[in-house]
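>>> Sequence plus predicted model, see below.
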Amino acid sequence: MYLNKIIGGLALAGLVGMAYAQETVVKIGHSGPLSGAQSFAGKDNENGVRLAIEELNAKPITVGGKKLKFELLSEDDQADPKAGVNVAQKLIDSGVKFVVGPYNSGVAIPASRVYNDAGVIMATVGSNPKITEQGYKSLYRINASDSQLGSKMALYAAKELKLKNVAVIDDRTAYGQGVAEEFKKQAKASGMNVLGHEFTNDKASDFTAILTNLKAKKVEAIFLGGYAPQGGPMARQMKQLGVNAKLLGGDTICAAEMGRLGGDAVGENVLCAQGGAILDKAASGPEFKGKYKKRFNQEPEVYAASFYDGMMMYADAMKKANSVDAAKVNAELQKGSYKGVAGTYAFDEKGNMKQSPVTIFTFKNQQPVAVTSY
């Protein structure tokens, strides 16, 4: 009897061992601002990846004869380039070969060098054109670039809003500078007058001097190359100073955080350009929003769907390659196409999306509301 128990126990242990042997653990890295003023975006992006991983683990895919189990390693890069490089090295040392992020262009540019040298695949929403000008073959932008975001906002301002006199404020980050320059270039090409280009930083909260200067120039709109933590207070101060101009921006101010920080100063006077189609009108957009809200008890912010898609895109490429080897998965990403929630992910030789629609948003009840795809 005792011997039977031992034999039974060994058999059970063997079965458990076999079950584990039939499973391959794949570590997925996420890098984003999980603390500080931009943490609302970092946590939202992380939630997008987490939702995808939970779905994939609930219904495992089989690659190379083994079921895949994905494990999320999420790190706080503080929206800081140096911290982002440290995060990259930490994820690499942990055995990560697939990364979703970083969120910020200023972090993505130096971190991408570290990931590239280690043979890690990186999918980022960082929009500065320099990210994909570096020649890295395992780097993908899963969103529109600054040239698309800034220029489409300028085109909309000229053609639809019929504006003539505008100004630009940029926060001197890689993102802010990039998107502001693209707006300015297209604004001039579209016949608008750029009456000023002012500078701030991504820690500032007082814009009185800049806004007073622009008020005197009677500008009809101010384009902010910067983030919601500056955009919200800027909208408030524009209202307090009687600056009767629209506040325009890129994807990073297309967030509910703008309304939380700007209050009733954020409404139809604020317009922004975000990469991707209108989520409510996308085929699987409403379903994604419902799943996200059920899981995290809040609405998705700007890029949750893109980060979800990035993770699902990796899993799809692993299935096609029948491998979790980064080089083989990368070959599938380079030649393939994946239809996600926020867009169809097919890339050119630089790693940019071949097609990335841009949606113009405004605000109602302090929430971003899609106006049109442009």
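Noted; the coordinates are in hand. Residues are numbered from 1 along each chain as shown.
>>> I'd like the next helix or strand past the worst-scoring helix or strand of the chain on mean pLDDT.
Lowest mean confidence among the helices and strands of the chain (mean pLDDT, DSSP states H and E): helix 2-21, at a mean of 48. With elements assigned by DSSP states H and E, the helix or strand that comes after helix 2-21 is strand 23-32.
>>> Report the mean confidence score over that next one.
The average pLDDT within strand 23-32 is 97.
>>> how about it: buried residues?
Residues of strand 23-32 classed as buried: Thr24, Val26, Ile28, Gly29, His30, Ser31, Gly32 (neighbour count, 16 or more other CB atoms under 10 Å). Heads up, the C-betas are built off the backbone N, CA and C, glycines and all.
>>> again, but for stretch 177-197
By 16+ other CB under 10 Å, the buried positions in stretch 177-197 come out as 177-184, 186-187, 192, 194-196.
>>> what's the answer for stretch 331-351, then?
331-334, 338, 340-343, 345, 347, 350-351.
>>> you'd agree Ile360 is up against Tyr156?
Yes: if you go by CB atoms under 8 Å, Ile360 and Tyr156 touch, sitting 5.3 Å apart.
>>> what is in contact with these two at once?
Both Ile360 and Tyr156 are in contact with Leu271, Ala273, Tyr374, where contact means CB atoms under 8 Å, 6 or more residues apart in numbering.
>>> Three-state assignment for the second one, please.
Going by DSSP: H, G, I helix; E, B strand; the rest coil, the secondary structure assigned to Ala273 is strand.
>>> Mind listing the residues bridging to it?
Ile360 (DSSP bridges).
>>> residues touching it, list them.
149-150, 152-153, 156, 249-251, 254, 358-361, 374.
>>> my guess is Ala174 meets Ser127, correct?
No: the criterion here is CB under 8 Å, and Ala174 misses it with Ser127 at 9.3 Å.
>>> So for these two, which residue has more residues nearby?
Ser127 (28 against 21; other CB atoms under 10 Å).
>>> Could you tell me which residues make contact with the more buried one?
105, 141, 143-146, 149, 175, 178-179, 250-251, 275.
>>> Going along the chain, name the strands of the stretch 151-300 of the chain.
165-170, 193-199, 221-225, 246-249, 270-275 (DSSP state E, counting those that start in this stretch).
>>> For the last one, what is the distance to the chain centroid?
So the one you mean is strand 270-275. 14 Å (CA atoms, centre = their mean, to the nearest Å).
>>> and it with strand 221-225, angle?
40 degrees (axes from the mean of the first three to the mean of the last three CA atoms, to 10 degrees).
>>> now swap in the first one and tell me
For strand 165-170 against strand 221-225, the angle by the same axes, to 10 degrees is 20 degrees.
>>> In strand 165-170, which residues are buried?
So, applying 16+ other CB under 10 Å, buried residues of strand 165-170: Val166, Ala167, Val168, Ile169, Asp170.
>>> Return the member of these nearest to Ser94.
Asp170 (35.5 Å; CB to CB).
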